[in-house]
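Colleague: The following comprises the amino acid sequence and a computationally predicted model.
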Amino acid sequence: MTKGLIHPFIAGTFASFITILFGLAYEKATAIEGAQLESLREAIPMLHLFMAPIVGCLLASLGYRLLQKLGKKWGSFLFYFLFASISIISSFGIFSVYNLHEEIQYTIYGYAMPMHYFPFLSWVAFKPLFS
């Protein structure tokens with residue numbers, strides 16, 4: 001039970017760290033500051049950038065356990081396929097973010113889309129340590 005909670009928590013925390021680090025680096029590289037940064041923080045709060053990967057990895061672990069019980073052979077494949085699919089599909093949700101400062105309306109895609117893949121990549125990277 002604890003192994004089932006430690007893995008997603010560590011993977012989620014790592015993904016959160018990478019998400020925030022990526023966000024800060026992207027903001028600096030594209031010179032998002034002032035009113036633009038306020039607009040970005042209003043649309044995507046830092047707390048969401050921290051919590052979403054942790055919650056995503058915890059939910060993924062629940063799905064993994066469920067699919068493993070349903071089928072040992074195909075459960076892992078189905079889980080990884082679904083997790084990757086959900087990551088890809090959720091990244092398109094960024095197109096529904098409105099009310100951004102006009103100068104960053106299009107830079108938001110490069111900012112937020114990659115972040116949707118960090119929980120999946122972290123979950124997969126840390127999985128061998130807990131098998």
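Modeller: Arrived safely, thanks for sending. Numbers count the residues shown, from 1 in each chain.
Colleague: rest of the way, CA atoms for contacts and neighbours
Modeller: Will do.
Colleague: distance of the closest residue to K127 other than its chain neighbours from A52?
Modeller: Spatial nearest neighbour of K127, excluding adjacent residues (CA to CA, 6 or more residues apart in numbering): H7 at 7.0 Å. Distance of H7 to A52, given as CA to CA, to the nearest Å: 16 Å.
Colleague: okay, the two: which has more neighbours?
Modeller: Here H7 and A52 are compared on neighbour count by other CA atoms under 10 Å; more neighbours surround H7, at 22 against 19.
Colleague: still on that earlier bit, surely the residue nearest to K127 and P128 touch.
Modeller: No. Using CA atoms under 8 Å as the test, H7 is too far from P128 to be in contact (9.7 Å).
Colleague: shaky segments in the protein?
Modeller: 1-3 (pLDDT under 70).
Colleague: Helices of that one, start to end?
Modeller: Using DSSP state H, the helices found in the chain span residues 2-29, 35-43, 46-70, 72-91, 107-112, 118-126.
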